[in-house]
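**Student:** Output the structure for:
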Amino acid sequence: SPGYAAGGGGGATAAGAAGSPSTGGAGGAGATTSINGSPTAFSGGGGGGAHPAGTAGAGGTGGGGAGIVGDVGTAGTANTGGGAGGAGHTNAGGAGGSGIVIIRYKFQ
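**Tutor:** Predicted coordinates:
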C-alpha cells in the first residue's frame with residue numbers, strides 16, 4: 001500500500017516543507033540570536049511523520065524534533081521552544097520543547 005506522510009511544522013523564520021506520499025517534510029528553521037553571548041537558534045519546527053513506512057522529516061534548526069515512522073514523535077529540544085516531531089497513523093506527536101527567558105541588560 002502507499003505510504004502516508006505529513007508536512008513539517010513551521011519555525012520562527014521559515015515554513016515547514018511539504019511532505020510527499022512517502023516522505024515527511026522537514027521542519028522550518030528557527031531564529032538565531034546572540035543574546036546569550038553566542039549564536040543560538042530557537043523555535044525550530046517539528047518534522048513530519050510517516051506511516052506505515054517511508055522516511056520521516058528532520059526537525060528544523062532551533063530545537064525542532066524529528067518526525068518518526070509509526071511510533072510516538074520526537075520531542076522538541078528543551079529550552080529552545082522547538083516544535084515536536086510528528087508520528088504516523090494513530091500515534092501521538094511528541095511534546096514541544098520548553099521555552100526559555102533570557103534577560104540581558106547593560107550594567108554601567
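
**Student:** Spatially central residue (nearest the centroid) of the chain, please.
**Tutor:** In the chain, the C-alpha nearest the mean C-alpha coordinate belongs to Gly46, at 2.0 Å (C-alpha atoms, centre = their mean).

**Student:** Any figure for the gap between it and Gly7?
**Tutor:** When distance is defined by C-beta to C-beta, to the nearest Å, Gly46 is 10 Å away from Gly7. Where C-beta positions appear, they are placed from N, C-alpha and C, glycine not excepted.

**Student:** Name the residues contacting each of the two.
**Tutor:** Overlap of the contact sets of Gly46 and Gly7 (by C-beta atoms under 8 Å, 6 or more residues apart in numbering) consists of Gly16.

**Student:** what ranges do the strands span in this protein?
**Tutor:** Secondary structure of the chain (DSSP state E): strands located at 4-5, 31-33, 40-42, 50-51.

**Student:** Tell me which residues are up against the first one.
**Tutor:** Read it as strand 4-5. 19-25, 48-52, 54-57, 88-89.

**Student:** where does the protein have low pLDDT?
**Tutor:** Of all residues in the chain, those with pLDDT under 70 make up the ranges 1-2.

**Student:** If anything else comes up later, I'll come back, but that's it for now.
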